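[1] kindly return the folded structure for what I paste below:
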Amino acid sequence: MACAVKPILIFLISIISFHVSLIASDPTPAAWPLQFHSILFMNNSGTLQHVDLWYDWPNGRNFNIIQNQLGKLTYDLEWDNGTSYIYTTLDSNKECRVLHFPVGILRPDWLDGANYLGQEEKDGFLCNVWEKVDFIWYYEDVVTKRPVYWAFYTGYTAHVMTFEVGAVLEDSHWQAPLYCFKEAQEKGKPLPLIEEFLVFSSFFSIGNERFGNFGPCQGIIAKCQYDIK
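    This next block holds a predicted model:
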């Protein structure tokens, strides 16, 4: 009888240990797909934006098409070589600014090492929540593992409306307009003024120490405010 009970006890102990280990281990955020398209509604203390985000890691590029409420349509075209083109197309001034950063676009695994905070209901979805270097709070749907909501330390927030895995923008849309390249040709000549705007940028360089395992400050999506003069 004792011999028969012993295997059962061992089995029960192993099952309990397995479940305890599952409970003890925190969930980890899903890596971003290598390519996706997402529509975001952004809110910065009442300033609203609609953002079309095209992420294309294999081709080293990221594109944010930003519509400010009753304002300009602004394009933020980013390349993994650290070059970013901020421009408009529909106004007569054809404004453009070329920015250079020491880092490339956001890595798919940029959330590695994030601190798990537990579960929370957000926008009608039960989400796992992580915090990264006191900079961003990231909400991911428990069931689908899709991002639902992001909040930045500045109060800037993003509601994820769509998330199309594998969607790719046609190559013809990734070319910055010709007038963007006049900056290098016309040194010393002031560029047309682009009014201050909030841009969803993956080049917010705030020091390597803030990012831990990001390597050389390998980007984090952030609210940036450029006063372009």
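
[2] show me what contacts residue 145?
    If a contact means Cβ atoms under 8 Å, 6 or more residues apart in numbering, then residue 145 has residue 30 as its contacts. For the C-beta atoms, the positions are set from N, CA and C on the backbone; glycine is no exception.

[3] try it again with 10 Å
    Going by Cβ atoms under 10 Å, 6 or more residues apart in numbering, residue 145 touches 27, 29, 30, 31, 128.

[4] and if you look at residue 141?
    Counting by Cβ under 10 Å, 6+ apart, the residues that residue 141 touches are 30, 122, 123, 125, 126, 127, 128, 147, 148, 149, 160, 163.

[5] would you map the helices across this structure?
    With DSSP state H, the ranges of helices along the chain come out as 2-24, 182-185.

[6] which of those helices has the lowest mean pLDDT?
    When the helices of the chain are compared on average pLDDT, helix 2-24 comes out lowest at a mean of 55.

[7] now residue 121: how far from residue 102?
    In this view, residue 121 and residue 102 are 39 Å apart by Cβ to Cβ, to the nearest Å.

[8] so how far is residue 171 from the closest residue to residue 89 other than its chain neighbours?
    Taking Cβ to Cβ, 6 or more residues apart in numbering as the measure, residue 89 lies nearest to residue 177, with 6.5 Å between them; neighbours along the chain are not counted. Noted for residue 177: a distance of 15 Å to residue 171, by Cβ to Cβ.

[9] same check on residue 44?
    Using Cβ to Cβ, we find residue 44 at a distance of 32 Å from residue 171.

[10] residue 177 and residue 171 - which one has more neighbours?
    Between residue 177 and residue 171, counted using other Cβ atoms under 10 Å, the more crowded position is residue 177 (15 against 10).

[11] now do the contacts for the more buried one.
    Residue 177 makes contact with 75, 77, 85, 87, 88, 89, 94, 96 under the criterion Cβ under 10 Å, 6+ apart.

[12] quick check: it vs residue 63, distance?
    Per Cβ to Cβ, residue 177 is found 14 Å from residue 63.

[13] give me the number of residues near the nearest residue to residue 27 once chain neighbours are set aside?
    The shortest distance from residue 27 to any residue that is not its chain neighbour, by Cβ to Cβ, 6+ apart, is 5.2 Å, and that residue is residue 128. Residue crowding around residue 128 was assessed by other Cβ under 10 Å; the count is 21.

[14] so which residues of this protein form strands?
    Read by DSSP state E, the chain holds these strands, from start to end of the chain: 35-44, 47-56, 61-68, 73-79, 83-87, 96-100, 115-122, 125-132, 136-141, 147-152, 157-165, 197-201, 222-226.

[15] neighbouring strands - and their directions - for the second one?
    Okay, so that is strand 47-56. Partner strands for strand 47-56, per DSSP bridges, with pairing direction: strand 35-44 (antiparallel), strand 61-68 (antiparallel).
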